[in-house]
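Engineer: kindly return the folded structure for what I paste below:
(2 chains)
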Amino acid sequence: MDLKKLAARLIPDEDLPSLEDCERAYPPRKLKEGAEVTRLAPSPTGFIHLGNLYSALADERAAHTTGGIFYLRIEDTDEKRRVEGAVESVIRSLDYFGLKFDEGAEIVGENAYGPYYQRRRAPIYRAFAKDLIERGLAYPCFCTEEELDETRKIQTERKEVTGYYGAYAKCRNLSEEQIYAALDSGKPFVIRLKSQGDVNIKHTFRDAIKGGITVTENNQDVVILKSDGIPTYHFAHAIDDHFMRTTLVIRGEEWLSSLPIHIELFKVLGFDLPRYGHTCSLMKVDGGTKRKLSKRKDPELSLDFYRGAGYYPQAVIKYLMTILNSNFEEWAAKHPEEDYKNFPFSVSKMGKSGALFDLDKLNDVSRDELSKLTPEEMYGFLNGWVKEFGTAADRAHFEDREYIQKILALIMGAGQKKRRKDIVRAEQGVRLMDYFFDDAFAPEYSFRFEADAVNAMLTAFAETYDENDDNSAWFAKLKQAAAKAGFAAENAEYKANPSAYKGNVSDAAEIVRIAITGSPNSPDLCTVMGILGRERSLARIAAAKVK
RNA sequence: GGCCUUGUGGUCAAGCGGUUAAGACGGAGCCCUCUCAAGGCUCAAUCCCGGGUUCGAUUCCCGGCAAGGUCACCA
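Structural biologist: So this is what the prediction gives:
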């Protein structure tokens, strides 16, 4: 059979680059030894989620801790999956979390290895497919979807491996006449790889994350060019990661089972294999068993969830870092002031099994991260959230920057040796400040004491309150008032003889606290009252009295 | 079902032939204290099961079992 003639008939394109042209156009990168070139390669479909961010962070760290390149490639070979604005959304989302691409689709930069949209690289794929046909390593297949379904059914019944291989690969050995007859009758066709592999041969393969794994040779005659002439993922992956000079392919472990295909593809194309690292997917518990986080069922997978709830972007990143490299936490504890970017990230230290997504842990990391901000920075962060997600009242409150910052200085314990860690995320933090605003202060008083005791305490305290008192003077007066209202002024007194008192000083303080803040818990009451001012503090005390 | 991957406290996990089996989150308690938060201290809780190999296995081997992934002209 004249393969050259066949190739020309199958792929008649006139403007295809030569194979040498491609090698010349995309030469090996000039980077220092050990620099990793990694990529994020999403399809322009649904928007980016936590799982993507997790894997993108691994890519980004691997590249940027080695002085390499992190680029964005859009895998748009499936027209049906295209969603308008998805690319911008990916870039914006990653940017929100502080991850930046060095090159790629819609990225301003050198971009010498583009185009980064696979559809725009069609001539390259077609040139290589044509070459494969000429070398007898690929062939046209005219099987219809129905025929394929039928053989799959038969294979399932016979308990054989499904797919297009061996005797089931009907079009693999079509005669020249058959091929041209089919072509002449205008039958649509795909191009398949003529696999040279043998499933009885196994190799061990070194995965950068999983370590040694056994891979069986591929024997599937996979489709490399679809009937619309566009490559499948497998083919595009091999060609792009070769010519974009990717050194390390980090991707989800769902790709592990197609690794044999990729190995064979690189081999027949004559390319060196990049290194691979297959990450485990983030899991969650559902009905007693673990399962992969799912876009549809789990709101916490959507990045919008974190934005809406007001998580601090860097906190999410640091949480992800603790999952990525479990020694990160230890390092961060030792270097509290250092940027997480200085952490020596290592692909080989990544976990081998799927981690359960842990909201408690995220909250802890987040609390810690937020406690490091200054009140000014915190104002900026909260204000950003308020503008986008807050109520009209929130926005009005945040107009008074000075007042908010005074509150934040208190809530965060600014200036104290021990920072407070009350704020976990913006939404909760903003609600935490509600009682400082009269229009948001809607207390449901629930005192643990009789009306008499409550009123006596409130009255006694109001009589002596002086907004100019410092903390200790304030507390001394509270003690006085407590004694007057029948509470013990000193802890020791109360402990010695509880029945002689209505309660302890702390109980007395609680009454005032509930009157002022509506809650039995709050930061330093003296300061709270100072921020509210004399008028409002006394008004609240009066309003809280039990009728 | 075939193939591949993974199995250390509730969660994330270090350790990889001899350890009192780290640490963090969460839980319980104590201290501090006007409450809360923070902080300090203490406690409870783990090597999937069965066989080997070995003087000795959480660590190595073999079998189970369980969980996850994958079997498209989707990525």
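Engineer: how about the closest residue to A:Glu36 other than its chain neighbours, what does it touch?
Structural biologist: Spatial nearest neighbour of A:Glu36, excluding adjacent residues (CB to CB, 6 or more residues apart in numbering): A:Gly68 at 4.1 Å. C-beta: built from backbone N, CA, C; applies to glycine. For A:Gly68, the contact set (CB atoms under 8 Å, 6 or more residues apart in numbering) comprises A:31, A:35-38, A:62, A:247.
Engineer: distance of A:Gly68 from A:Ala62?
Structural biologist: 7 Å (CB to CB, to the nearest Å).
Engineer: try A:Lys547
Structural biologist: Distance from A:Lys547 to A:Ala62, counting by CB to CB: 67 Å.
Engineer: so between these two, which is more surrounded?
Structural biologist: A:Ala62 (24 against 4; other CB atoms under 10 Å).
Engineer: doesn't A:Tyr54 make contact with A:Phe97?
Structural biologist: No - counting by CB atoms under 8 Å, A:Tyr54 is not a contact partner of A:Phe97; they are 10.7 Å apart.
Engineer: between these two, which is the more surrounded one?
Structural biologist: A:Tyr54 (24 against 20).
Engineer: what helix or strand is that one on?
Structural biologist: Assessed by DSSP states H and E, A:Tyr54 sits inside helix A:50-64.
Engineer: hmm, the helix or strand that that helix is followed by touching RNA strand B?
Structural biologist: Next along the chain after helix A:50-64, taking DSSP H and E as the criterion, comes strand A:69-72. No - applying CB under 7 Å from any atom of the strand, one finds strand A:69-72 separated from RNA strand B by no less than 12.7 Å.
Engineer: show residues contacting strand A:69-72.
Structural biologist: So strand A:69-72 is contacted by A:29, A:31, A:35, A:37-41, A:59-60, A:63-64, A:87, A:90-91, A:99-107, A:113, A:116, A:244 (CB under 8 Å, 6+ apart).
Engineer: which ones are touching the residue lying closest to A:Leu57 once chain neighbours are set aside?
Structural biologist: Nearest non-adjacent residue to A:Leu57, counting by CB to CB, 6+ apart: A:Leu320, 5.3 Å away. Counting by CB under 8 Å, 6+ apart, A:Leu320 touches A:53-54, A:57.
Engineer: quickly find the element holding A:Leu320.
Structural biologist: Assigned by DSSP H and E, A:Leu320 falls in helix A:313-324.
Engineer: also A:Val215?
Structural biologist: Counting by DSSP H and E, A:Val215 is part of strand A:211-216.
Engineer: quick one: the strands in the stretch 101-250 of chain A?
Structural biologist: Using DSSP state E, counting those that start in this stretch, the strands of the stretch 101-250 of chain A run over A:103-104, A:138-141, A:190-193, A:202-207, A:211-216, A:223-225, A:248-252.
Engineer: what packs against the first one?
Structural biologist: Which is strand A:103-104. Under the contact definition 3 or more CB pairs under 8 Å, 6 or more residues apart in numbering; DSSP states H and E, strand A:103-104 sits against strand A:69-72.
Engineer: the strand it packs on pairs with which strands, parallel or anti?
Structural biologist: Applying DSSP bridges, strand A:69-72 is found paired with strand A:37-40 (parallel), strand A:103-104 (parallel).
Engineer: quick check on A:Arg275: phi, psi?
Structural biologist: Main-chain torsions, A:Arg275, degrees, to the nearest 10: phi -80, psi 150.
Engineer: and the gap between it and A:Arg206?
Structural biologist: Distance, A:Arg275 to A:Arg206, using CB to CB: 8 Å.
Engineer: relative to RNA strand B, which residue of the stretch 51-200 of chain A is the closest?
Structural biologist: A:Glu75 (2.8 Å; CB to the nearest atom of the strand).
Engineer: which residues of the stretch 351-500 of chain A lie near RNA strand B?
Structural biologist: Going by CB under 7 Å from any atom of the strand, the residues of the stretch 351-500 of chain A near RNA strand B are A:351-356, A:358, A:360-361, A:363-364, A:367, A:413, A:418-422, A:471, A:475, A:478, A:491.
Engineer: let's see that with 10 Å instead.
Structural biologist: Taking CB under 10 Å from any atom of the strand as the contact definition, the stretch 351-500 of chain A meets RNA strand B at A:351-365, A:367-368, A:371, A:411-413, A:416-424, A:471-472, A:474-475, A:478-479, A:482, A:490-491.
Engineer: all good on my end, thank you.
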